[in-house]
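Participant: pasting a predicted model and its sequence here:
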Amino acid sequence: MRKILDKMFRNKKLSILIPILVSALLYLLFIMFGVSEDKMNIIIATPIASVFWFFGAFLVVYVQVKNRNCPEVFLNFFEFLTTLFFGIYSIVGAISVVISGFQNFTPITTAGLLTYASIAWAHSKRT
């Protein structure tokens with residue numbers, strides 16, 4: 001499983017940057033085209049929630065990466081399952097937002113993409 005993770009996150013910069021840019025693109029498209037009753041609240045809450053989510057997810061994985069008592073098998077399994085779950089979640093969420101004409105956007109819509117990027121960053125810290 002470690003080899004699969006290494007291949008997924010081979011290009012560290014792109015595996016961190018692309019999900020963040022896609023998240024920002026969805027956010028900007030919502031700002032431009034989305035119509036919602038509480039649009040201003042969503043516009044304000046999304047960057048704040050995204051920063052906390054990104055660094056929180058990174059911290060959860062990074063603590064386990066640096067924990068000498070954490071078995072590598074568990075770490076590989078956790079990283080892979082989390083990446084798989086949030087990857088599928090982000091694809092479904094992004095498609096839902098685009099199909100709805102950017103009406104279904106919430107601050108949690110970007111969570112899957114940001115989790116992928118934070119796991120990629122934490123994975124790059126492994127030795």
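Facilitator: Happy to help now that I have it.
Participant: now for V98, how many residues are close by?
Facilitator: The number of residues packed near V98 is 13, by other Cβ atoms under 10 Å. Using the backbone N, CA and C atoms, a C-beta is placed for each residue, glycine as well.
Participant: go on, A45?
Facilitator: 14.
Participant: again with A122
Facilitator: With other Cβ under 10 Å as criterion, A122 counts 22.
Participant: F78 versus that one, what's the distance?
Facilitator: Per Cβ to Cβ, to the nearest Å, A122 is found 11 Å from F78.
Participant: identify the contacts common to those two.
Facilitator: Common contact partners of A122 and F78 (Cβ atoms under 8 Å, 6 or more residues apart in numbering): V61.
Participant: report the central residue of the chain.
Facilitator: Note on the chain: the residue nearest the mean C-alpha position is L114, at 2.1 Å, using Cα atoms, centre = their mean.
Participant: and the closest residue to it other than its chain neighbours, what does it touch?
Facilitator: What sits nearest to L114 in space, not counting adjacent residues and going by Cβ to Cβ, 6 or more residues apart in numbering, is F54, at 4.5 Å. Counting by Cβ under 8 Å, 6+ apart, F54 touches I20, L114, A117, S118.
Participant: what distance do you get for the first one to A120?
Facilitator: By that I understand I20. 10 Å.
Participant: neighbour count: the two, which is higher?
Facilitator: A120 (26 against 17).
Participant: just checking, the more buried one touches N11?
Facilitator: No. In this structure, A120 is not within contact of N11 by Cβ atoms under 8 Å, at 9.3 Å.
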